[in-house]
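A.B. asks: Dropping a prediction and its sequence here:
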Amino acid sequence: MLRAPIRRQAAIAMVAALPLLASSLALPPAALADEVAVRGARLEPIEEGYALDADFDLDLTARLEDALHKGVALYFVIEFECTRPRWYWLDERVATAARSLRLSYHALTRTYRLSSGSLHRTYPALGEALRVLGTVRGWIVIERGQLAPDTTHVAATRVRLDLTQLPKPFQVSALANRDWTLASPWHRWAFESSPAPGEDAAAGAGDDGTDRDGR
């Protein structure tokens, strides 16, 4: 006597769960990536514009660490963007910046090399290399004059493993296996833009060093 109501309730529960299941299956590979924690980020106004300080808590998956030790170099990208909110239209993207870092392992010396362009440093332990990789200090991401003064902007930063730099077989595996992906969520915060240091004095002085009244 109770089987029909029980079956009906089970069917209702299954139907209710279908949208959630469909949405989870539709998630892009990046959404299924292992998340990197963002411990903090801030912008510092300097003479040249704004410099970014940020800290990411990076830790490789077992599969990525195994690939690294077998000679596969891992490329990470630290991204930044700054937007100006607009109530009447889409937010205006004011500035963007990206920095690429290469992490490799040298089996002969059992050391880890972190490279950025032509610059590189060697570390005896993986944890130390990852700590340096996840520490951003004094990176100029907004040039002087790019922001309107006394205006609210939204800054955002993240770090991710660049899957396009992996060997092709690993790129295919990364599409279906989260062990090959690593990324942080976008970390966003609002800030009020202000003139760069010395900008007020420059605005009030002429080319000969006198102020606008000739004094």
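C.D. replies: Sure thing, it's come through.
A.B. asks: How confident was the prediction at the spatially most central residue of the chain?
C.D. replies: For the chain, residue 158 is the residue whose C-alpha lies nearest the centre (Cα atoms, centre = their mean; 1.3 Å). Model confidence at residue 158, given as pLDDT, is 98.
A.B. asks: surely it meets residue 136?
C.D. replies: No. The pair residue 158 / residue 136 is not scored as a contact, 11.2 Å apart, by Cβ atoms under 8 Å. Using the backbone N, CA and C atoms, a C-beta is placed for each residue, glycine as well.
A.B. asks: list residues touching both of the two?
C.D. replies: Counting by Cβ atoms under 8 Å, 6 or more residues apart in numbering, the shared contacts of residue 158 and residue 136 are residue 78.
A.B. asks: Going along the chain, name the strands of this protein.
C.D. replies: Per DSSP state E, the chain carries strands over the ranges 34-35, 37-46, 49-57, 74-84, 92-106, 111-116, 119-123, 135-143, 152-161, 182-183, 187-192.
A.B. asks: Tell me how far the third one lies from the chain's centre.
C.D. replies: A distance of 10 Å separates the C-alpha centroid of strand 49-57 from that of its chain, computed with Cα atoms, centre = their mean, to the nearest Å.
A.B. asks: Run through who's touching that strand.
C.D. replies: 36-44, 78, 80, 133-147, 155, 157, 159, 184, 187, 196.
A.B. asks: for the fifth one, same thing?
C.D. replies: With Cβ under 8 Å, 6+ apart as the contact definition, strand 92-106 has outside contacts at 68-69, 71, 73-84, 86, 111-116, 122, 126, 129-130, 133, 136, 139, 141-143, 146-147, 153, 162.
A.B. asks: Likewise for the second one?
C.D. replies: Residues outside strand 37-46 that contact it (Cβ under 8 Å, 6+ apart): 50-57, 136, 138, 140-142, 155, 157-158, 184-185, 187, 189, 191, 194, 196-197.
A.B. asks: follow-up on the earlier one: just the buried members of the contacts of strand 49-57?
C.D. replies: In terms of neighbour count (16 or more other Cβ atoms under 10 Å), the buried residues within these are 36, 38, 41, 43, 78, 80, 133-134, 136, 141-142, 144, 147, 155, 157, 159, 184, 187, 196.
A.B. asks: who's in contact with the nearest residue to residue 109 once chain neighbours are set aside?
C.D. replies: Excluding the flanking residues, the one nearest residue 109 by Cβ to Cβ, 6 or more residues apart in numbering is residue 122, at 7.8 Å. Residues in contact with residue 122, defined by Cβ under 8 Å, 6+ apart, are 106, 109, 111-114.
A.B. asks: Please determine how far residue 122 is located from residue 87.
C.D. replies: 51 Å (Cβ to Cβ, to the nearest Å).
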